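> all I have is the shape, not the residue letters:
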């Protein structure tokens with residue numbers, strides 16, 4: 001039986017949210033977040049063979065296992081509800097548990113990424129999202145990110161093509 005994760009009821013309760021570096025004991029919870037978010041979010045627009053490949057090969061779980069120590073997590077109570085991975089000048093990964101989307105978790109994580117960029121002396125921060133991921137596009141545009149150029153086709157698997165949209169935050 002899995003533990004019930006408390007839900008943020010409104011943006012006002014975001015004070016319960018902690019942003020911190022991931023620790024090894026976070027790995028199972030991080031894997032759960034990325035698996036759930038992938039199925040809910042990417043399952044809406046990604047070609048079915050690519051979804052099947054991701055799930056069958058546990059791509060998200062393996063990724064977290066390899067790179068967990070390079071993540072920042074959003075924690076509500078004792079539960080990991082979001083993940084962030086930043087490279088110099090670039091947001092590589094941002095995942096929020098579907099039960100906690102639209103409650104400020106993603107905003108808190110992206111604000112943390114902006115703070116890290118500013119502390120490192122970066123004048124801008126970039127991210128790439130699939131243009132088909134309308135929720136992600138709306139999220140970044142609402143945070144005042146600007147599109148860079150036009151979406152470029154990306155072949156995930158033979159015949160499974162999506163379009164990568166680059167965005168920048170100045």
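In hand now; what should we look at? Please read all numbers here as calculations on a predicted model, not as lab measurements.
> what sits against residue 112?
By Cβ atoms under 8 Å, 6 or more residues apart in numbering, the contact set of residue 112 is 19, 72, 84. For every residue, glycine as well, the C-beta is placed using N, CA and C.
> regarding the protein, what is its longest strand?
If you go by DSSP state E, the chain has its longest strand at strand 146-157.
> which helices and strands sit right next to it?
helix 48-56, strand 160-169 (3 or more Cβ pairs under 8 Å, 6 or more residues apart in numbering; DSSP states H and E).
> out of the contacts of residue 112, flag the one nearest to residue 56.
Residue 56 lies nearest to residue 84 out of the contacts of residue 112, by Cβ to Cβ, at 26.3 Å.
> pairing partners for the helix or strand where that closest one lies, with directions?
Secondary structure from DSSP states H and E places residue 84 in strand 79-87. Sheet pairing for strand 79-87, assigned by DSSP bridges, gives strand 72-76 (antiparallel), strand 90-96 (antiparallel).
> in that strand, what's buried?
79, 80, 81, 82, 83, 84, 85, 86 (16 or more other Cβ atoms under 10 Å).
> who touches it?
By Cβ under 8 Å, 6+ apart, strand 79-87 touches 3, 5-6, 8, 17, 22, 26, 29-30, 32-34, 64, 67, 70-75, 91-97, 99-100, 105-106, 108-110, 112-113, 116-117.
> buried subset of these?
Buried, going by 16+ other Cβ under 10 Å: 5, 8, 17, 22, 26, 29-30, 32-34, 64, 71-75, 91, 93-97, 99-100, 105-106, 108-110, 112-113, 116-117, out of the contacts of strand 79-87.
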